[in-house]
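Enquirer: Build me a model:
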Amino acid sequence: MTSKEIRESFKSFFASKGHQIVASAPMVIKGDPTLMFTNAGMNQFKDIILGNAPIKYPRVADSQKCLRVSGKHNDLEEVGHDTYHHTMFEMLGNWSFGDYFKKEAIEWAWEYLTEVLKLDKDRLYVTVFEGSSEEGLSRDNEAAGYWEKYLSKDRILNGNKKDNFWEMGDTGPCGPCSEIHIDIRSDEERAKIDGATLVNIDPDVIEIWNLVFMQYNRKADKSLEPLPARVIDTGMGFERLCMAVQGKVSNYDTDVFQTIIKAIGELTGYQYGQGNKVDIAMRVIADHIRTIAFSITDGQLPSNAKAGYVIRRILRRAVRYGYTFLGQHKSFMYKLIPALIETMGEAYPELVQQRTLIEKVMKEEEESFLRTLEIGIKLLDKQIAESKTKNSTILNGSDAFTLYDTYGFPLDLTELILRENGMTVDQKGFDAEMQKQKDRARNAAAVETEDWVVLKEGNTEFLGYDFTECETEILRYRKVKQKNSEFYQIVLSQTPFYAEMGGQVGDSGWLIHDDEKIEITDTKRENNLAVHLSKKLPLDITATFTARINTSNRTATECNHTATHLLHEALREILGTHVEQKGSFVSPSVLRFDFSHYQKLTDEEIRKVERFVTAKVRADIARVENRHVPIEEAKMMGAMALFGEKYGDDVRVISFGNSVELCGGTHISSTGRIGSFRIVNESSIAAGIRRIEAITAEACEDYFYTQQDILTEMKSLLNNAPNLAQTLRKFFEENSDLKKQMEEYVKEKTVQVKELIIKKKQIVNGIDVFVLTNSVPAEIVKDLAFQIKGQFPANSVFIGATDAENKPLLTVMLSDDLVKDHSLNASQLVRDAAKHIQGGGGGQPHFATAGGKNSEGLSNALNEIISKIK
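Expert: From the prediction side, this is the model:
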């Protein structure tokens, strides 16, 4: 079976068992502060599992794009070196939310593997949870009993808590799990060693499917309580499954990767299977190209922050392997996208639709890193040369870490270059710097959350589309500690507060009861819960409160949000329909809109966009809102679904005339209330991605007043000239002429000063000493020093002890022979003498300067330098 056939067979099988087949969620997660990427199939169902979202389908199955590179599931450094770890992978899974449990999950897993895929039953082993005395949990005999219908007891192995007890996190749903392993060794090898002894030890007896039986809830005090609605959550690695079905011993030998690996070979001239390092490089690139492409289609571009930094690291790792082992010193990975599309484009059409963007972003990122790589290599060459002058064969660990952290130089590349130069790296020093960075990151991200204190059962009803205040009660609350601060998360029965989502910031406001007014500083969305943040709790947490938002902030935010919709329409109208939204940020003070476009907007285009939006504002178009619209009907209305967003079956559609968008945010009632619109900045944030920053309403008025005040002040400075531009142009021309005249004057004076210095030459210990004192600008002092050296290239010293604007300056220039033959050092001379002027400095052996605070010490500093001329 091909990989495409295997994927479809899984979906078809579980559809026949009454499962709703759902689409993969985006690999890049938005709106969840606990995760950057989807790292397991269950992520998109987390809200259902936690009880924060209703169960729409009790049985679900899918193939989910996943990414594991950071945090708990950090597999990045192993990828490519073995045959079964990946960054991006597909997870086949089936779920039951309060429906079937262990019996059916085990029966169907066995049926699918052995009856549909025809895997050899004699090669399969399973594990069950052995129990834990510290948790008070016994062996999972229930699961073991079901497995005994299909396997002998010697193939049903006990697994410890680490391998066979699954937990969502430090708190939350958890439970025992049962893993299915397959022995892919040859018959000869199997005859020598029993596969049961190699489970979780030898990668040739590899786990392919994990059946998780969520039946407990882990509390903050680490105790367990039964889960009210039990959940089945299974996950099967698609790539590993293809390896087993296709009779391969490596994931990379399957058709999932071979098309890409062959394309790499054609591009580089290397053949897979010819050498270890070459093979590793090809596996790294074949894996990473998938991660990078899918991240871009989901809206995550490479950057220096958070998820973007992870993607940049992955891309740079692939480029570095191509550079070092495949001789690719020019961008090449973007040329592999057609091969990726051939393999996965049918299952994931977003690859086809966004091919141009993926290629442009990757090409620019590759070229940028290759430039950085060249800089890093030059820096390392310099460090090697410096080490050799000190007769050292070990590179300092902190220097190696700087190369790694700043220039993207992995340690193995540094070691490779050092080895070629007969050197090694201080591994302990490097590890120490790495640990310091990890500790800093861990401390910055450390969050302690107490258990929820539940006052009432229920879910929050959002009323913020229609009301700015409402009566409410507290359903639950908990204390959170983060970065030496404490605050409370409060969940209300109903709320007008919009929780941050879709680029729109959360509302602030107040909870009011009698004379008490508790400030809500922000509203976040966590696991589909609208949590209101406050520095303190009300005195009476059981009271009925008035929840009231800050309406001025909400109105300003709504003006900016509606303006983003009008801006999107304007860009597509003026630049073309290739424009697609790639991100947005909406707050009371500013709006930011990221979009696909391949060149800088001209001033004329920006003006056209502003005029288009302003015309829509003047037209005072009323908002048309349609809630709970089926997604297909919304698309027929003209609403665009954005890549990287996960939509439900029913959506909300916001229209302002011809602007029709799927949107869950809040908006102004009509465009006229926006008042004004102005673009304040347009820039590039990645290849093929532009960013517009704009302002509206009162912020726009403040901007205009500021510009007007600047113009008024400029006119006043220029005697209220009627034509300001013409007057300024004349002013700059006159200034340029005066500057040229001044330069000529300075040049003449410099010649005169130099002649005077030469005339007053001193001879100290047979050496010509030229001294400059008095008040002279620093740039002229430097110019004179180099002129003197040029005229007297041997046996000469220039010493400047000058003062400009009450800032003392010492300058020393030595001829090359004094540095070489007399062991004089200009840098050491100025450093020693700088104490007289209460300062410091340094430079090169032949030229150095020092500044200070005490001009009265210049004479003593000069005498000390002269005394050392020998």
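Enquirer: and Arg371, how many neighbours does it have?
Expert: Arg371 has 10 neighbouring residues, counting by other CB atoms under 10 Å. (Glycine included, C-beta is placed from N, CA and C.)
Enquirer: Pop out the phi and psi values for the closest residue in space to Thr87 that isn't next to it in sequence.
Expert: Distance criterion CB to CB, 6 or more residues apart in numbering; nearest residue to Thr87, sequence neighbours excluded, is Thr291 at 4.4 Å. The phi/psi pair for Thr291 (degrees, to the nearest 10) reads phi -60, psi -50.
Enquirer: Kindly report the same for the one 5 residues further on.
Expert: Phi and psi for Ile296, reported as degrees, to the nearest 10, are phi -70, psi -40.
Enquirer: how much space is there between the closest residue to Ile29 other than its chain neighbours and Cys66?
Expert: Using CB to CB, 6+ apart and skipping residues adjacent in sequence, the residue nearest Ile29 is Leu35, 4.9 Å away. To Cys66, Leu35 is 11 Å away according to CB to CB, to the nearest Å.
Enquirer: Those two: which is more packed in?
Expert: Using other CB under 10 Å as the criterion, Leu35 and Cys66 rank with Cys66 on top: 25 against 17.
Enquirer: you'd agree that one is up against Thr87?
Expert: No - contact between Cys66 and Thr87 fails when scored by CB atoms under 8 Å: they sit 9.3 Å apart.
Enquirer: in stretch 760-773, what counts as buried?
Expert: Ile767, Asp768, Val769, Phe770, Val771, Leu772 (16 or more other CB atoms under 10 Å).
Enquirer: Now go through the residues you listed and say which are in strands.
Expert: Judged by DSSP state E, strands contain the following of the buried residues of stretch 760-773: Ile767, Asp768, Val769, Phe770, Val771, Leu772.
Enquirer: State the distance from Pro203 to Val212.
Expert: 22 Å.
Enquirer: Test my guess that Ala339 contacts Ile260.
Expert: Yes - judged on CB under 8 Å, Ala339 makes contact with Ile260 at a distance of 4.8 Å.
Enquirer: Who has more neighbours out of those two?
Expert: Ranked by neighbour count (other CB under 10 Å), Ala339 and Ile260 place Ile260 first, with 24 against 21.
Enquirer: starting at the chain centroid, how far to the helix or strand in which that one is found?
Expert: Element membership for Ile260 (DSSP states H and E) is helix 255-268. Remark: helix 255-268 is offset 28 Å from the chain centroid, using CA atoms, centre = their mean, to the nearest Å.
Enquirer: what's in contact with that helix?
Expert: 2-3, 238-239, 242, 246, 251-252, 270-272, 282-283, 285-287, 289-290, 322, 326-328, 332, 335-336, 338-340, 342-343 (CB atoms under 8 Å, 6 or more residues apart in numbering).
Enquirer: buried set for it?
Expert: Under 16+ other CB under 10 Å, the buried positions of helix 255-268 are Val256, Phe257, Gln258, Thr259, Ile260, Ile261, Ala263, Ile264, Gly265, Leu267, Thr268.
Enquirer: For Val771, see how far away Lys759 is.
Expert: According to CB to CB, Lys759 and Val771 sit 11 Å apart.
Enquirer: Report the mean confidence score over stretch 373-380.
Expert: Rounded to a whole number, the mean pLDDT of stretch 373-380 is 84.
Enquirer: Please spell out which residues along that stretch are buried.
Expert: Leu373, Gly376, Ile377, Leu379, Leu380.
Enquirer: wait, doesn't the last one sit right on Phe409?
Expert: In this case it means Leu380. Yes - because the distance of 7.4 Å satisfies CB under 8 Å, Leu380 is recorded as touching Phe409.
Enquirer: Need the overlap of contacts for these two.
Expert: Joint contacts of Leu380 and Phe409 (CB under 8 Å, 6+ apart) are Leu403.
Enquirer: now the helices for the stretch 301-450 of the chain?
Expert: For the stretch 301-450 of the chain, the helices defined by DSSP state H, counting those that start in this stretch occupy 306-325, 337-344, 350-353, 355-389, 397-407, 411-420, 427-445.
Enquirer: then the last one to PDB, C-alphas only?
Expert: In PDB, the C-alpha atoms belonging to helix 427-445 read as follows (Å, rounded to 0.1, in the frame of the first residue of the first chain):
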ATOM      1  CA  GLN A 427      32.900  21.200  25.900                       C
ATOM      2  CA  LYS A 428      32.300  21.800  29.600                       C
ATOM      3  CA  GLY A 429      32.400  25.600  29.100                       C
ATOM      4  CA  PHE A 430      30.000  25.300  26.200                       C
ATOM      5  CA  ASP A 431      27.600  23.100  28.200                       C
ATOM      6  CA  ALA A 432      27.800  25.600  31.100                       C
ATOM      7  CA  GLU A 433      26.800  28.500  28.900                       C
ATOM      8  CA  MET A 434      24.000  26.400  27.300                       C
ATOM      9  CA  GLN A 435      22.700  25.500  30.800                       C
ATOM     10  CA  LYS A 436      22.700  29.100  31.800                       C
ATOM     11  CA  GLN A 437      20.500  30.000  28.800                       C
ATOM     12  CA  LYS A 438      18.100  27.100  29.600                       C
ATOM     13  CA  ASP A 439      17.900  28.200  33.200                       C
ATOM     14  CA  ARG A 440      17.100  31.800  32.100                       C
ATOM     15  CA  ALA A 441      14.400  30.600  29.700                       C
ATOM     16  CA  ARG A 442      12.900  28.200  32.300                       C
ATOM     17  CA  ASN A 443      12.800  30.900  35.000                       C
ATOM     18  CA  ALA A 444      11.200  33.500  32.600                       C
ATOM     19  CA  ALA A 445       8.500  31.000  31.600                       C
END
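Enquirer: average pLDDT for stretch 808-823?
Expert: Stretch 808-823 shows a mean pLDDT of 93.
Enquirer: Based on its surroundings, how many neighbours for the nearest residue to Phe847 once chain neighbours are set aside?
Expert: Distances taken as CB to CB, 6+ apart place Met813 nearest to Phe847, at 5.1 Å, with adjacent residues excluded. Residues contacting Met813 under the criterion other CB under 10 Å number 25.
Enquirer: Downstream of the lowest-mean-pLDDT helix or strand in the chain, the next helix or strand is which one?
Expert: Across the helices and strands of the chain, the lowest-confidence element by mean pLDDT, DSSP states H and E is strand 447-449, at a mean of 79. Note on strand 447-449: by DSSP H and E, the next helix or strand toward the C-terminus is strand 453-454.
Enquirer: Check which element follows that following strand along the chain.
Expert: Remark: after strand 453-454, the chain's next helix or strand is strand 461-462, criterion DSSP H and E.
Enquirer: Direction included, what does that next one pair up with?
Expert: strand 494-495 (parallel) (DSSP bridges).
Enquirer: where's the strand it pairs with relative to the chain centroid, distance-wise?
Expert: Worked out by CA atoms, centre = their mean, strand 494-495 lies 33 Å from the chain centre.
Enquirer: Please list the outside residues in contact with it.
Expert: Here strand 494-495 has contacts from Thr460, Glu461, Phe462, Leu463, Gly464, Cys470, Glu471, Thr472, Thr523, Ala530, His532, Ala547, using CB under 8 Å, 6+ apart.
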